[in-house]
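Student: Dropping the sequence and predicted coords here.
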Amino acid sequence: MITTSPQHVSVLLEESINALVTDTAGTYIDATFGRGGHTRALLEKLGNDAQVIALDQDPQAIEAAKTLQDDPRFDIIHTPFSNLQQVLEQRQLTGKVTGILFDLGVSSPQLDDAERGFSFMRDGPLDMRMDTTRGETAAEWLNRAEKDEISWVLKEYGEERFARKIASAIVMDREKEPFVRTKQLADMIARVSPVKEKHKHPATRTFQAIRIHVNKELEQIEQALEASLAALKQDGRLVVISFHSLEDRLVKRFIRKHSEGKHVPAGLPVTDAEINKDKSLEKVGKAIKPGKHEVSLNPRARSSVLRIARRVYHD
């Protein structure tokens, strides 16, 4: 049984690590270290000759990784996973990686820390940056952006049906008092939302949308997925955990795109080898979701989806 830190419950831990490891002496990348739950479980499963390189843009994650600094198999780099291509080139790992893990989205420790500004349930500075050392905060963006831009972000990244209404209220309210606190924004959204969903705070979609925009999350995912193709060796595994439909859709489309051979008209005398020569991934099994027991222990796991693919090379 795989174990992990008691401070943080890693989602789909057993399933993701079992899917990832095909060689106990291999080279692995945990592209989203977080608080290290998946990395620790991975190291438990690997032999002395293995190597695990972790990436994270959160300074607190880099600090948490110090508990593993005595393990010679482990190294961590303070960088967003969108810089995976640069990491591969610097470490001369192109085509040599046995498996890559992505655990997307915001982590529980980030949500639980009011000072990070991710949660509408806890009052804190309206920050939402994954990397607190750089970039524009959520407050800075909300207090300068045009109404149409805010509305687009809420609709596109939060799938918020009242996007225009909320955007209008943000622009109107910030004239009286700039937005600086999470509770200030959450209370305003609750006030103007015409419909209250059962078991869902009115600010849920807006906070998700702003977080995705501030951190350019979807663009980062696309860049990192493309880089993973160059990283993986023959039969190397790509393992991705998503937490909302926008992330999962990107991952699903990426795997499907690279799992399909060349499209040719029916009836042409083309061999299977010619059809499949552009195929660079092969889907492994069906999407995996957490069981009832895991969700009961960790309610935040309920929306998670695990997808797995195998790297395919052709002569």
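Tutor: Noted; the coordinates are in hand.
Student: so how far is residue 229 from residue 235?
Tutor: 14 Å (CB to CB, to the nearest Å). C-beta: built from backbone N, CA, C; applies to glycine.
Student: residues shared between the contacts of the two?
Tutor: Each of residue 311 lies in contact with both residue 235 and residue 229 under the rule CB atoms under 8 Å, 6 or more residues apart in numbering.
Student: Looking at those two now, which is surrounded by more residues?
Tutor: More crowded of residue 235 and residue 229, by other CB atoms under 10 Å: residue 229, with 17 against 14.
Student: Now the one helix or strand the more buried one maps to - C-alpha only, PDB.
Tutor: In the assignment (DSSP states H and E), residue 229 maps to helix 217-231. Extracted in PDB, the C-alpha atoms of helix 217-231 (Å, rounded to 0.1, in the frame of the first residue of the first chain):
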ATOM      1  CA  GLU A 217      -3.200  27.700 -16.700                       C
ATOM      2  CA  LEU A 218      -4.600  26.400 -19.900                       C
ATOM      3  CA  GLU A 219      -1.800  27.800 -22.000                       C
ATOM      4  CA  GLN A 220       0.700  26.200 -19.600                       C
ATOM      5  CA  ILE A 221      -1.000  22.900 -19.800                       C
ATOM      6  CA  GLU A 222      -0.900  22.900 -23.600                       C
ATOM      7  CA  GLN A 223       2.800  23.800 -23.700                       C
ATOM      8  CA  ALA A 224       3.700  21.100 -21.100                       C
ATOM      9  CA  LEU A 225       1.700  18.400 -22.900                       C
ATOM     10  CA  GLU A 226       3.500  19.100 -26.200                       C
ATOM     11  CA  ALA A 227       6.800  19.000 -24.400                       C
ATOM     12  CA  SER A 228       5.900  15.700 -22.900                       C
ATOM     13  CA  LEU A 229       6.100  14.100 -26.300                       C
ATOM     14  CA  ALA A 230       9.700  15.100 -26.700                       C
ATOM     15  CA  ALA A 231      10.500  13.900 -23.100                       C
END
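Student: which strands and helices sit next to that helix?
Tutor: Applying 3 or more CB pairs under 8 Å, 6 or more residues apart in numbering; DSSP states H and E, one finds that helix 217-231 contacts helix 84-91, strand 97-103, strand 232-242, helix 245-259.
Student: And the residue nearest the centre of the chain, how close does it get to residue 176?
Tutor: Nearest to the geometric centre of the chain sits residue 104, at 1.5 Å (CA atoms, centre = their mean). For residue 104, the distance to residue 176 equals 37 Å [CB to CB].
Student: and if you look at residue 22?
Tutor: Using CB to CB, residue 22 is found at 58 Å from residue 176.
Student: quick one: which of these two has more around it?
Tutor: Taking neighbours as other CB under 10 Å, residue 22 and residue 176 compare with residue 22 leading, 14 against 6.
Student: just to revisit the earlier point, so which of the helices and strands packed on helix 217-231 is the most surrounded?
Tutor: Comparing the helices and strands packed on helix 217-231 by mean neighbour count (mean count of other CB atoms under 10 Å), strand 97-103 ranks first with a mean of 26.
Student: Going toward the C-terminus from that strand, what's the next helix or strand?
Tutor: helix 108-112.
Student: ok, and what's touching that following helix?
Tutor: 7-9, 34-35, 58, 60, 116, 118-119, 122, 130, 300.
Student: any idea how far residue 14 is from residue 293?
Tutor: 11 Å.
Student: okay, those two: which has more neighbours?
Tutor: residue 14 (13 against 8).
Student: and that one, what element?
Tutor: Here residue 14 is assigned to helix 13-20, by DSSP H and E.
Student: show me the contacts for residue 79.
Tutor: Counting by CB under 8 Å, 6+ apart, residue 79 has contacts 55, 56, 57, 86, 87.
Student: thinking again about what came up before, roughly how far is the helix holding residue 14 from the heart of the chain?
Tutor: Put simply, helix 13-20 sits 16 Å off its chain's centre (CA atoms, centre = their mean, to the nearest Å).
Student: got the angle for it vs strand 97-103?
Tutor: Per axes from the mean of the first three to the mean of the last three CA atoms, to 10 degrees, the angle that helix 13-20 makes with strand 97-103 is 150 degrees.
Student: residues making contact with helix 13-20?
Tutor: 1-2, 4, 28, 37-38, 41-42, 45, 99, 101, 103, 237, 239, 241, 284, 288, 306, 308.
Student: Show the low-confidence segments of the stretch 151-300 of the chain, by residue range.
Tutor: 261-278 (pLDDT under 70).
Student: those helices in it, which residues are they?
Tutor: Along the stretch 151-300 of the chain, the segments classed as helices by DSSP state H, counting those that start in this stretch run 163-176, 182-192, 204-215, 217-231, 245-259, 272-276, 292-297.
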